[in-house]
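> Can you look at this prediction? I've put the sequence above it.
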Amino acid sequence: MKLPNGVRMFLLRACSEALATFSNLCRRKIREENLCPICHPQEETLSHALWSCGVARDVWGQASRHIQKTTTNDPCFNVVWSQMRERLFQPEMEEAGMIKRLLWTRRNDFVHGKAFRHPNSIIQKTEGDLRCFKKAQTKTYVGITRGSTPCEKWKKPSEGKYKLNWDAAIDVSRDLVGIGGIIRDCNGEVLATLRAKRKMILSPFAAEAYALMVAMLFSNEAGILKLMLKGDSLQVVQKLQKLVEDWSIGGLIVEDTRKVLKSFISWSVCHTKRDANMIAHKLAKDALLSDYDLYDLEEIPNCIKQLVAVEAFVTLFKQ
């Protein structure tokens, strides 16, 4: 199947039952209740969330005809996906894979308090994303040859760990601080992004330190506890690496961040140049334009899609 890497990785994790359904969280002793957060009466297994739930069926009922006619009630998602692969052609499988990813995104948005998206919007976004992806396949190489290659490339974290790039942007005229963060795995797949805005007057050092603190708390809440931290503020990195007394606002924030990091399984921090931190910087700049905080799980915001595609290609090309 020809699908974006993020969708392919999502399907791999889904078939491995590695997604945080309420059923999986109960099994891991993280939650006590395993009922579907949308329809409530049924246990939220992955097969239920992405296939048999009533609100999911509303979406599948507007998909391609062959997908609509697919019937399976197996409680295991891997079996459901295998049966679909046996019955559908490649274009329909690509459509189904994209829909499943968007259904999971819609579910996460609902759980985190966002508006519930209409089935029509899921189908329309599926069609639009597939068109954009196919179009991008013919343009990626052209974009690289026109000088969009970063001077210092982003590097993947080691297997089993995740990399968090963070940055801050300051709007002095409005006393605003924009915060950007992106978490990727050892395959370079985007797991989560953060865009937040705060009304405060901070020095560049304090703003960078505060951005790191917010990004760390976001990672902690997402359950990602094995981190490699990368930022382009050398001062923040050095303060975090060495236990030095600093009573400035930025120094106190770094000290609080160090306390949060004690709850992580493992972490390391390293300085990087702006060229390898452009995605986090773009997220921070975009946060200044938003009226509210934006937390995206397993979905790439439009403002960084091109940068992510270029960076992924450069990383692959230079390996």
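That came through, no problem.

> Got the domain ranges for this protein?
5-138, 162-318 (automatic domain parsing).

> Tabulate these (TSV), appending mean neighbour count, distance to residue 153 and mean pLDDT.
To be clear about C-beta, it is placed using only N, CA and C from the backbone, and glycine gets the same treatment. What follows is the domains of the chain, written out as TSV (neighbours: other C-beta atoms under 10 Å; distance: least, C-beta to C-beta, whole Å; pLDDT from 0 to 100):
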stretch	mean neighbour count	distance to residue 153	mean pLDDT
domain 5-138	16	17	88
domain 162-318	19	5	89
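
> and residue 154, which of the ones you listed is closest to it?
domain 162-318 (5.0 Å; C-beta to C-beta).

> any idea how far the closest one is from the chain center?
Remark: domain 162-318 is offset 13 Å from the chain centroid, using C-alpha atoms, centre = their mean, to the nearest Å.

> Next up, the contacts around residue 16.
By C-beta atoms under 8 Å, 6 or more residues apart in numbering, the residues touching residue 16 are residue 78.

> Next: residue 256.
Residue 256 touches residue 213, counting by C-beta under 8 Å, 6+ apart.

> That one in helix, strand or coil?
Classification of residue 256 using DSSP: H, G, I helix; E, B strand; the rest coil returns helix.

> So which residues of the stretch 151-300 of the chain form helices?
204-221, 234-241, 249-261, 278-287 (DSSP state H, counting those that start in this stretch).

> Give me the angle between the shortest one and helix 249-261.
Compare the direction of helix 234-241 with that of helix 249-261 by axes from the mean of the first three to the mean of the last three C-alpha atoms, to 10 degrees and you get 50 degrees.

> those strands in this structure, which residues are they?
162-171, 176-184, 190-199, 226-231, 266-271, 294-297 (DSSP state E).

> Need those strands in CSV (columns: distance to residue 55).
Shown next, in CSV, are those (distance: least, C-beta to C-beta, whole Å):
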stretch, distance to residue 55
strand 162-171, 30
strand 176-184, 28
strand 190-199, 23
strand 226-231, 34
strand 266-271, 38
strand 294-297, 18
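
> So which residue is dead centre in this structure?
For the chain, the residue nearest the mean C-alpha position is residue 192 (2.2 Å; C-alpha atoms, centre = their mean).

> Dig out what that residue forms beta bridges with.
Residue 192 has these beta-bridge partners by DSSP bridges: residue 183, residue 297.
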